[in-house]
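1. Here is my input, please return the structure:
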Amino acid sequence: MTATLLERAVSLSRSMMETAAGADWDSFARLQQEREDLLAQAFQSGERDEPILRTLIACNRQLCEEVERARDKVALDWQQAQGRSQAIAAYAASLGAIDS
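-> Residues are numbered from 1 along each chain as shown. Reported below is the predicted structural model:
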C-alpha cells in the first residue's frame with residue numbers, strides 16, 4: 001500500500017524531529033520545504049484524514065518545542081560569549097592602564 005500525501009508529511013515531520021534533535025538545521029530546512037510541498041499537494045487534491053491531521057498537528061507542536069529549545073540554547077550561548085568578550089575587553093583595558 002502506498003502512503004498518502006499526509007502520511008508522507010507525518011513521516012517527514014518525524015524525520016525533522018530527528019534532525020532538529022541532532023541540530024542538523026540544513027537537513028531540517030530541506031525536509032521542511034519537502035513537507036510544505038507535500039501538504040500543499042494534499043490540500044489541493046482534497047485529501048482529508050482527521051486522525052493523520054491530528055498526528056501532524058502533534059508533530060508540529062513537538063517541532064516547535066524542539067526549535068524553541070534550540071533557539072534558547074543559541075541565545076544563551078551568545079550571551080555567554082558576549083560576557084566573555086566584555087570580560088576580555090575589560091581585562092585588556094586594565095592591562096593598558098597598568099602599562100601607562
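2. for the chain, what spans make up the helices?
-> Along the chain, the stretches classed as helices by DSSP state H are 5-21, 25-44, 50-99.
3. Could you export those to TSV, including columns for mean neighbour count?
-> Placement of C-beta: from N, CA and C, glycine included. Shown next, in TSV, are the helices of the chain (neighbours: other Cβ atoms under 10 Å):
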stretch	mean neighbour count
helix 5-21	18
helix 25-44	15
helix 50-99	11
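4. Reformat those as CSV; add mean pLDDT.
-> CSV is the format used below for those (pLDDT from 0 to 100):
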stretch, mean pLDDT
helix 5-21, 95
helix 25-44, 96
helix 50-99, 83
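5. Spatially nearest residue to the residue positioned nearest the centre of the chain (excluding sequence neighbours)?
-> Most central in the chain under Cα atoms, centre = their mean is V67, positioned 3.7 Å from the mean C-alpha point. Distances taken as Cβ to Cβ, 6 or more residues apart in numbering put A20 closest to V67, at 6.3 Å, once the chain neighbours are dropped.
6. S27 now?
-> With Cβ to Cβ, 6+ apart, the residue lying closest to S27 is T19, at 4.4 Å.
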